[in-house]
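Student: What would the 3D arrangement of this be:
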Amino acid sequence: MTFWLVFAGCVLGSFLLGGVPFGLLVGRLHGIDVRKIGSGNVGAMNVGRILGRKWFFVVFALDLLKGLLPTLVGGWVLSTVTPDAASETTRMICRLLVGLASILGHNYSLFLGFHGGKGVSTSLGVALGVYPDLTYPALMSFGMWVVGFGATRMSSVGSLAGGVFFPVLYMLVLRWRGETVAEHWPFVTFAVLVAVMVVVRHRANIARIVAGTETRVVRGNGQRDGV
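Tutor: Coordinates of the predicted model:
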């Protein structure tokens, strides 16, 4: 019972931390409501377009930490609670669910009426925190974001490339290590869920990409973003 109470507390804390709208708070420090300018998104890309590149990196880092810290702390806390209270696989799943809660908190923030960002930065933070299983695929996925964004100047394309290829890259890493999907199914399931959430949160962007109307990043132009 103690384990499950601690787990519930970790999930709740992760969801609440994930919901902290750092992009909105940074905007307000500058006397701006980022929800009313540009894309209206509270993510790093919209903040960067409005306030400059430096603030993109600030918000990106803060949103990443919203995923990284709960995953690390939650995993450590759960590992210290009555070792025989849950199997290793159960603890692994619970750790992933704590991370997932931070992504959902970012995407559907309690502080923004269950609206929020698109979860890319926070998802990256969670994956980096699941060391070593998801860390390297996450870094490669970030590389896919850089390539996609750099090639098209569309943040949405980079985000979709990184998100969709995340489970693929993880399974390639498993193959390279000589391990099977069945042995690591919780991580594979998590990676697929992240990919699905990224696609779902970018539905409007996908429609614009297909129609040829998706805007490209031009600093300060207040265009739509994909982060």
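
Student: alpha carbons only for contacts and neighbour counts from here, please
Tutor: Noted.

Student: Show me the contact partners of stretch 193-206.
Tutor: By C-alpha atoms under 8 Å, 6 or more residues apart in numbering, the surrounding residues in contact with stretch 193-206 are 118-120, 123, 156, 159-160, 163-167, 214, 226.

Student: Inside helices: which ones of those?
Tutor: Judged by DSSP state H, the contacts of stretch 193-206 include 120, 123, 156, 159-160, 163-167 as members of helices.

Student: how about these in CSV, adding distance to Gly105, neighbour count and pLDDT?
Tutor: Below are the ones in helices among the contacts of stretch 193-206 laid out as CSV (distance: C-alpha to C-alpha, whole Å; neighbours: other C-alpha atoms under 10 Å; pLDDT from 0 to 100):
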residue, distance to Gly105, neighbour count, pLDDT
Val120, 12, 29, 95
Ser123, 11, 30, 97
Ser156, 20, 31, 93
Ser159, 19, 28, 95
Leu160, 20, 27, 97
Gly163, 18, 29, 97
Val164, 21, 21, 96
Phe165, 23, 22, 96
Phe166, 21, 27, 97
Pro167, 22, 24, 97
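
Student: got the buried residues for the lowest-mean-pLDDT helix or strand in the chain?
Tutor: Per-element confidence for the chain was summarised using mean pLDDT, DSSP states H and E. The lowest value among helices and strands belongs to helix 44-51, with a mean of 91. By 16 or more other C-alpha atoms under 10 Å, the buried positions in helix 44-51 come out as 44-51.

Student: And the residues you listed, which is closest to Gly148?
Tutor: When these are compared for distance to Gly148 (C-alpha to C-alpha), Met45 comes out closest, at 14.7 Å.

Student: my read: the closest one touches Val58, true?
Tutor: No: with contact defined as C-alpha atoms under 8 Å, Met45 does not reach Val58; the gap is 10.7 Å.

Student: could you give me the average pLDDT of the helix ranked longest in the chain?
Tutor: For the chain, the helix that runs over the most residues, judged by DSSP H, is helix 53-80. Confidence for helix 53-80, expressed as mean pLDDT, is 95.

Student: C-terminal to it, what's the next element?
Tutor: Beyond helix 53-80 in the direction of the C-terminus, DSSP states H and E gives the next helix or strand as helix 88-107.

Student: Quick check: Leu46 touching Asp33?
Tutor: Quick fix: residue 46 is Asn, not Leu. No: under the criterion of C-alpha under 8 Å, Asn46 is not in contact with Asp33, lying 11.1 Å apart.

Student: Can you list the buried residues in stretch 106-123?
Tutor: For stretch 106-123, burial by neighbour count (16+ other C-alpha under 10 Å) applies to 106-110, 115-123.

Student: Apart from its chain neighbours, what residue comes closest to Thr2?
Tutor: Val81 (7.4 Å; C-alpha to C-alpha, 6 or more residues apart in numbering).

Student: Tell me the backbone dihedrals of that neighbour, please.
Tutor: phi -90, psi 120 (degrees, to the nearest 10).

Student: quick one: it from Gly113, how far?
Tutor: Val81 sits 34 Å away from Gly113, taking C-alpha to C-alpha, to the nearest Å as the criterion.

Student: do the same with Thr213
Tutor: For Thr213, the distance to Gly113 equals 29 Å [C-alpha to C-alpha].

Student: Ala86 now?
Tutor: 35 Å.

Student: List of residues touching stretch 169-182?
Tutor: Contacts with stretch 169-182, where a contact means C-alpha under 8 Å, 6+ apart, come from 134, 137, 140-141, 188, 191.

Student: could these go into CSV alongside distance to Leu65 and neighbour count?
Tutor: Output for these, formatted as CSV (distance: C-alpha to C-alpha, whole Å; neighbours: other C-alpha atoms under 10 Å):
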residue, distance to Leu65, neighbour count
Leu134, 16, 23
Pro137, 18, 26
Met140, 18, 16
Ser141, 17, 26
Val188, 22, 21
Ala191, 18, 25
